[in-house]
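Colleague: coordinates only, sequence not included:
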C-alpha cells in the first residue's frame, strides 16, 4: 500500500538500457561503481596492511619462484572467494566499456578487461610479498582469471537486464517492487550457498554427513538455544512474502496455506543444497522456519491493506517512542552486553589502545562464511534505525518523508559507537569499528528502500486523462475519504 499522497510531477520518459542511449546514460554510474569496487579489491587484498620492507631484487626473485599450492578441503572456500572477488570487477568494467551496436568494440572491450584484470591480479599478488601474512600463490592468480572470464560472460548474458533492474529500483513505485523482489530472491539464494565450497568426492560426502552438520530436525552441533537461532531465518525470509504481495498482490490472491507450502519448498531446496557444501549446515527445522517466514511476510503485507494508515499516522511517533526502549535492550543483548562481567573504567580504557581501527581488519582473521554472517547480522541490527526514521518523518504533518538521509546515517553511527564502545568494558568482548560503518550503511539502505518502495510514481497512479493525483495539500476530510491518498476522478 502507498502510505502517503504523491505530488504532481511531469512524466518521465522511459529509457531502455539495451539501447545505446540507455547504456550511455548509465555508463557514468557504472564507471563510478567500477572504480570504487577496484579500490575495494586492492584494499581487501592487502588487509591487514602490515607492510614489511624487502629489497626489490629479493621481491622479484621470490615472485619468480611463486608456487601452485595443493589446497585441501579446508582451503577451498578461500580459493572460491578469489573467483567471486573478480566476477563483479570484470562485470562492472565490461559494462562501463560496453557498446550496444559495435561488435568490434565488444571484442576490444573483452580483451581490454581480460588483460587489465589479469594484470591487476598479478600486480596485487606481487605486492602481497610486502604485506604478510598474505599468501602469494599461483592459485590466487588462476582463480582471479577464472572470475574475470565469468564476469565478462555474466555481462554478456544478463548485463542489460541487471542494468534495467537497478534502474527500476531507483525509479521507485510499483516497478521498484518487482525489481527489489527479484534482487532479494537472487541475493537470498546466492548468500544461502556462500562460500560455494562444494563437496567434490564421495569421501568428502561421507565425512560431511558424519561431521555433525546435518540433522533431521536439529544438527547435533547446534548446541543450546537451537530454537532461538531459527528466529533470524524467519526474519530474513519474511521479506520474500511481503515483496511477493506488494509486487503481485493486485493480480493474484495469496492464501496463507499456499504461502506456507512455497516456504516449505524453498526450505527443502536450500537445505538440500546445503548438504552439498563443506561449510553448509542442513537441518529439518530450517525448512519449517522458512515456511513460517514466508507465511508471516504474506500475512503482514495483506494485513497492511486493511489498515487505516491515516489513523496509524497520528499515533506512529508515539508507537516508535514506546518501541525504542525494547529495541535498545535487544540491541545490547544481541551485542552480548549481558553475557559477561563488566570491567572497571580504568581497565576498559586500557583496552582502548589495543583497538585496530582499520576497516574490516578483524574480518580478515576469520573464515569468509563467518565474516559474511557477522556483517549481515550487524546490518540486520541497524536496519530498524533507517526504518524508524522513515516512519517518523512519514508520520509528520504532510505524511511524506522528506528529511535528508544524513539523519538515519548519523543516528546509526552514534548508536553503533555507543554499542561498540561499551564492549571495552565487557570481559571477553572487543569492539569492532567496522560495525559502525556497517550500521550506517544498513540504516541508509533501509530508509532509501522504504522511500522508493512506498512512493508511487505519477505515471503509475494516473489511470487516464481524467484521473489526477491528490496533492500533498489535500484536506484531512479528503484524505479520510481516500485513505492512502492515491487517486480520485475529477471532471474537466
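Modeller: Sure thing, it's come through. Quick caveat: nothing in here was measured; it's all calculated off a predicted structure. Residues are numbered from 1 along each chain as shown.
Colleague: quick one, what contacts residue 145?
Modeller: Contact analysis of residue 145 by Cβ atoms under 8 Å, 6 or more residues apart in numbering lists 86, 117, 118, 121. Every C-beta, even on glycine, is put in place using the N, C-alpha and C of the backbone.
Colleague: Check whether the residue lying closest to the first one once chain neighbours are set aside sits in a helix, strand or coil.
Modeller: Looking back up the chat, that one is residue 86. Among residues not flanking residue 86 along the chain, residue 147 sits closest, at 3.1 Å (Cβ to Cβ, 6 or more residues apart in numbering). Per DSSP: H, G, I helix; E, B strand; the rest coil, the local secondary structure of residue 147 is helix.
Colleague: so residue 147 makes contact with residue 84?
Modeller: Yes. The pair residue 147 and residue 84 passes the contact test of Cβ atoms under 8 Å, sitting 6.5 Å apart.
Colleague: Most widely separated two among the contacts of residue 145?
Modeller: Pairwise distances among the contacts of residue 145 were taken by Cβ to Cβ; the largest, 9.4 Å, belongs to 86 and 118.
Colleague: More neighbours: these two, which one.
Modeller: Higher neighbour count among residue 86 and residue 118: residue 86, with 23 against 17, using other Cβ atoms under 10 Å.
Colleague: mind checking the SS state of that one?
Modeller: The three-state label for residue 86, taken from three-state DSSP, comes out as helix.
Colleague: Could you check which of residue 147 and residue 84 is surrounded by more residues?
Modeller: residue 147 (24 against 18).
Colleague: How about the contacts made by the more buried one?
Modeller: Per Cβ under 8 Å, 6+ apart, neighbours of residue 147: 82, 83, 84, 85, 86, 87, 89, 90.
Colleague: go on, residue 119?
Modeller: Under the criterion of Cβ under 8 Å, 6+ apart, residue 119 has no neighbours.
Colleague: That one and residue 126, how far apart?
Modeller: To residue 126, residue 119 is 11 Å away according to Cβ to Cβ, to the nearest Å.
Colleague: Then residue 228?
Modeller: According to Cβ to Cβ, residue 228 and residue 126 sit 47 Å apart.
Colleague: How about residue 45?
Modeller: 11 Å.
Colleague: And for residue 82?
Modeller: Residue 82 sits 15 Å away from residue 126, going by Cβ to Cβ.
Colleague: Leaving out the residues flanking it, which one is nearest to residue 429?
Modeller: That would be residue 423: by Cβ to Cβ, 6+ apart, it lies 4.2 Å from residue 429.
Colleague: whoops, residue 301 was the one
Modeller: residue 245 (3.5 Å).
Colleague: I'd assumed the one you found was in a helix, is it?
Modeller: Yes. Assessed by three-state DSSP, residue 245 belongs to a helix.
Colleague: Correct me if wrong: it contacts residue 295.
Modeller: No. Using Cβ under 8 Å, residue 245 is not in contact with residue 295, being 11.5 Å away.
Colleague: which one of residue 228 and residue 126 has more residues nearby?
Modeller: Relative neighbour count places residue 126 above the other of residue 228 and residue 126, with 15 against 8, counting by other Cβ under 10 Å.
Colleague: could you list every residue that touches the more buried one?
Modeller: Taking Cβ under 8 Å, 6+ apart as the contact definition, residue 126 lies against 59, 63, 136.
Colleague: and the nearest residue to the last one once chain neighbours are set aside, what does it touch?
Modeller: Read that as residue 136. Closest residue to residue 136 apart from its sequence neighbours, by Cβ to Cβ, 6+ apart: residue 128 at 5.1 Å. Neighbouring residues of residue 128 by Cβ under 8 Å, 6+ apart: 45, 46, 134, 135, 136.
Colleague: ok, residue 170 - contacts?
Modeller: Contacts here follow Cβ under 8 Å, 6+ apart; on that basis residue 170 touches 176, 452.
Colleague: SS state for it?
Modeller: helix.
Colleague: distance of it from residue 342?
Modeller: Look at residue 170 and residue 342: by Cβ to Cβ, they are 45 Å apart.
Colleague: Then residue 213?
Modeller: To residue 342, residue 213 is 35 Å away according to Cβ to Cβ.
Colleague: Residue 95 now?
Modeller: Taken as Cβ to Cβ, the span from residue 95 to residue 342 is 51 Å.
Colleague: Show me which of these two is the more surrounded one.
Modeller: residue 95 (27 against 13).
Colleague: mind listing what the closest residue in space to the more buried one that isn't next to it in sequence touches?
Modeller: Excluding its sequence neighbours, the residue lying closest to residue 95 (Cβ to Cβ, 6+ apart) is residue 30, at 4.8 Å. Residues near residue 30 by Cβ under 8 Å, 6+ apart: 92, 95, 96, 163.
Colleague: doesn't residue 29 make contact with the last one?
Modeller: It stands for residue 163. No. Under the criterion of Cβ under 8 Å, residue 163 makes no contact with residue 29, lying 9.3 Å away.
Colleague: Mind checking which of these two has more residues around it?
Modeller: Applying other Cβ under 10 Å to residue 163 and residue 29 shows that residue 163 carries more neighbours, namely 23 against 15.
Colleague: in the host helix or strand of that one, what's buried?
Modeller: Under the criterion of DSSP states H and E, residue 163 resides in helix 138-171. Buried residues in helix 138-171, counting neighbours by 16 or more other Cβ atoms under 10 Å, are found at 139-141, 143-155, 159-160, 162-169, 171.
Colleague: swap in stretch 112-120?
Modeller: Result for stretch 112-120 [16+ other Cβ under 10 Å]: buried residues 113, 114, 116, 117, 118, 120.
Colleague: part of a helix, is residue 118?
Modeller: Yes. Applying three-state DSSP, one finds residue 118 inside a helix.
Colleague: how close does it sit to residue 127?
Modeller: From residue 118 across to residue 127, the span is 15 Å (Cβ to Cβ).
Colleague: before we move on, the earlier item: please report which of the contacts of residue 147 has the highest neighbour count.
Modeller: Neighbour counts for the contacts of residue 147 (other Cβ under 10 Å) peak at residue 90, which has 27 neighbours.
Colleague: next one: phi and psi at it?
Modeller: Main-chain torsions, residue 90, degrees, to the nearest 10: phi -70, psi -40.
Colleague: Which secondary structure element is home to the residue nearest to residue 137 when sequence neighbours are not counted?
Modeller: In this structure, residue 137 finds its nearest non-sequential neighbour in residue 69, 4.8 Å apart by Cβ to Cβ, 6+ apart. Using DSSP H and E, residue 69 falls within no helix or strand.
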